[in-house]
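Q: requesting a structural model of the entry that follows:
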Amino acid sequence: MPFPPRLLSLVAFLAIAIKASALLAQSPASPQQAVATVHPLATDAALAAFADGGNAIDAAIAAALTLGIADSHNSGIGGGCFILIHAANGTLTAIDGREMAPATASRDMYIINGKLDEKASKTGSLASAVPGALAAYDLALKKHGRKSLADLLTPAADLAERGFPIDEVFARKLASVKADLASFPASAAIFLKPDGSPLNKGDTLIQTDLAKTYRAIASNGPDWFYKGPFAQQTEAWMKANGGITTAADFAAYQPEPRTPIKVRYRNHDIVCMPPPSSGGVHVAQILQIMEHFPIATLPAADRVHLITEAMKLAFADRAHWLGDPAFAKVPRGLVDPEYAASLAKQIDPKKAADVKGHGFPPRWEGDIFGKHTTHLSTADTEGNWVALTQTINTAFGSKVVIPGTGVLLNNEMDDFSIQPGVPNAFKLIGAEANAVAAGKRPLSSMSPTLVLLDGRPILTVGAAGGPTIITQTLLAISNIIDHGMKPAEALAAPRFHHQWAPAELKIESAFGPETLKTLSNQGHTLSESPGFGACQAILWDPQSAKLLPAHDPRVPGKAAVR
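A: Modelled structure (predicted):
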């Protein structure tokens, strides 16, 4: 049973009041800009954009383009993104740069010779959807930036051309997929040595063709990519290798402006991405369930248990209801406070429940949303705040580099339910709402999120790591709001994750044996982990009147303020 509101911590509410008062009373002594990414080169690119007169939007796109070079196993212009922006004028903007299925894609396209080919959605010519990241970057800059796309592409192209030493994470992921990369000559030529072995930590990665592509886009605009040579080269390769993506598919792509989701959590406004992000919906849903419990005052095991039960209920809903709103009726009631209250009542504070399936949110029949990953956060004290999450899906995407371009294509088709009930690479199950269809955008866990207090942004946060993106993001928010942590502490705190199916609680061993034993006794099936995820955040700290950026300590990265 949820705890009555009167039992919620008075201390927590007093802390919120004090924070609000301080926020309104203080302003920075001088302008500040902050950035947090998973790679020092991307953070440096954002700082350079700031130093050259850019704002947080320019800095975010500079970092994103650089990550497509220095962190190309996770993201790039061959993939997609979601961008959430609070502009200095108070405008909230959500840009959907999610990939889109080709025009001839179909529900049963992975039934090959009468049998489901699960690898075809992950590797090779049938794995890629039409990339959307570049179009989304361009739209963000045109709406709220000071720089042009060309301004930010040129320094990134210089980096690709001169090269950089790869880090341990890049080298490890490269080694894990070397056999698949070897199947595609253009990919092997970039990422493997002449003897077929992968580059090692410290080896220099040079991407001459990708530099040429960046410069061609800088000179000719995104149409070079979507309506010109790149689209034509991609079609030619697809036709020669059994793919279905055409130049017409690229020409048809448009980034979609979306209306952000906004819900309340302990006197804060939580601003999230709407579908086809499932992350925004379920970060909002889980937080609203959590509001019915005194999270800040609970012992660790009880806190983990209650939040885990909320995660299970939300992920059961995700499996049934979520999909591209242009194709599936995704109920707005999933983020209705009354629905969250009804779910909270189903939670036993001391015993794990066997969640059989999805719930029925209010007005589910009619009130619907309108038609390996990396996250970065930027902010400036003018009031521009950005949460940007981008991906090509699993490590090195489809493993396909289009010859002569250096562009590594995504394998986002695996984020569809390639057959309802069949788990994807992250063991997520989907239903008809997320089945493959021509022109459809696959469901995503990407969860870029902004938090406002009294109408002003105080936090930008998001994560990488498949479905754990959702739970990492909401735990970071809870650590900051419920427990008063600063971002570095919030991101370092132990994590846990439950996605309903499979029925296991993924949990970091740092919680300690006593907590783990209690959770096991409560009926949870534990899957211990030394650590998972990669979360980035920036907090406005009213006490110091400063921006506090933080990167996840589990992975290389860099957070900086100027």
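Q: just checking, G533 touches G462?
A: No: using Cβ atoms under 8 Å, G533 is not in contact with G462, being 10.9 Å away. (Glycine included, C-beta is placed from N, CA and C.)
Q: look at the two and report which has more neighbours.
A: Of the pair G533 and G462, G462 is the one with more neighbours under other Cβ atoms under 10 Å, namely 33 against 25.
Q: where is the longest helix in the chain?
A: Taking DSSP state H as the criterion, the chain has its longest helix at helix 300-321.
Q: give me the phi and psi for Q285.
A: Main-chain dihedrals, Q285, degrees, to the nearest 10: phi -60, psi -50.
Q: tell me which element the spatially most central residue of the chain is part of?
A: In the chain, the residue lying closest to the centroid (Cα atoms, centre = their mean) is M446, at 2.8 Å. Assigned by DSSP states H and E, M446 belongs to no helix or strand.
Q: quick check: it touching P274?
A: No: contact criterion Cβ under 8 Å: M446 and P274 do not qualify, at 11.9 Å.
Q: low-confidence regions, the stretch 301-450 of the chain specifically.
A: Counting by pLDDT under 70, the stretch 301-450 of the chain shows low-confidence ranges at 321, 323-324, 354, 356-372, 418-433.
Q: can you map out the strands along it?
A: For the stretch 301-450 of the chain, the strands defined by DSSP state E, counting those that start in this stretch cover 373-380, 385-391, 449-453.
Q: tabulate those strands (a markdown table), appending distance to T471 and mean neighbour count.
A: Below are the strands of the stretch 301-450 of the chain laid out as a markdown table (distance: least, Cβ to Cβ, whole Å; neighbours: other Cβ atoms under 10 Å):
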| stretch | distance to T471 | mean neighbour count |
| --- | --- | --- |
| strand 373-380 | 14 | 32 |
| strand 385-391 | 14 | 32 |
| strand 449-453 | 12 | 24 |
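Q: where do the strands sit along the stretch 51-200 of the chain?
A: 80-86, 92-97, 111-112, 115-116, 164-165.
Q: quick one: closest of the ones you listed to V386.
A: Taking Cβ to Cβ, strand 80-86 is the member of the strands of the stretch 51-200 of the chain nearest to V386, at 5.4 Å.
Q: quick one: that closest one to strand 449-453, angle?
A: If you take axes from the mean of the first three to the mean of the last three Cα atoms, to 10 degrees, strand 80-86 sits at 10 degrees to strand 449-453.
Q: quick check: angle from strand 80-86 to strand 373-380?
A: Going by the same axes, to 10 degrees, strand 80-86 makes 20 degrees with strand 373-380.
Q: only C-alpha atoms, please: export strand 80-86 in PDB.
A: Extracted in PDB, the C-alpha atoms of strand 80-86 (Å, rounded to 0.1, in the frame of the first residue of the first chain):
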ATOM      1  CA  GLY A  80      19.200   8.900 -35.100                       C
ATOM      2  CA  CYS A  81      18.500  11.100 -32.000                       C
ATOM      3  CA  PHE A  82      16.100  12.800 -29.800                       C
ATOM      4  CA  ILE A  83      16.700  16.400 -28.800                       C
ATOM      5  CA  LEU A  84      15.000  18.200 -25.900                       C
ATOM      6  CA  ILE A  85      15.600  22.000 -25.600                       C
ATOM      7  CA  HIS A  86      14.700  24.700 -23.200                       C
END
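Q: ok, it: who's next to it in the sheet?
A: With DSSP bridges as the test, strand 80-86 is paired with strand 92-97 (antiparallel), strand 385-391 (antiparallel).
Q: could I get these as CSV with distance to A488?
A: As requested, those are exported to CSV (distance: least, Cβ to Cβ, whole Å):
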stretch, distance to A488
strand 92-97, 27
strand 385-391, 18
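Q: where does pLDDT dip in the chain?
A: 1-30, 321, 323-324, 354, 356-372, 418-433.
Q: go again with 80.
A: Residues of the chain that meet the criterion pLDDT under 80 lie in 1-30, 277-279, 318-333, 335, 352-373, 417-434.
Q: can I get the longest helix of the chain in CSV, CA atoms only?
A: The C-alpha trace of helix 300-321 is given here as CSV (Å, rounded to 0.1, in the frame of the first residue of the first chain):
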residue,chain,number,x,y,z
ALA,A,300,17.9,1.0,0.7
ALA,A,301,16.3,-2.4,0.2
ASP,A,302,12.7,-1.0,0.7
ARG,A,303,13.5,1.9,-1.7
VAL,A,304,14.9,-0.5,-4.4
HIS,A,305,11.9,-2.8,-3.9
LEU,A,306,9.3,-0.1,-4.3
ILE,A,307,10.9,1.5,-7.4
THR,A,308,11.5,-1.9,-8.9
GLU,A,309,7.8,-2.7,-8.6
ALA,A,310,7.0,0.6,-10.3
MET,A,311,9.5,-0.3,-13.1
LYS,A,312,7.8,-3.6,-13.7
LEU,A,313,4.3,-2.1,-14.1
ALA,A,314,5.6,0.6,-16.5
PHE,A,315,7.6,-1.9,-18.7
ALA,A,316,4.6,-4.2,-18.9
ASP,A,317,2.7,-1.2,-20.3
ARG,A,318,5.6,-0.4,-22.6
ALA,A,319,5.5,-3.8,-24.2
HIS,A,320,1.8,-3.5,-25.1
TRP,A,321,1.0,0.2,-25.7
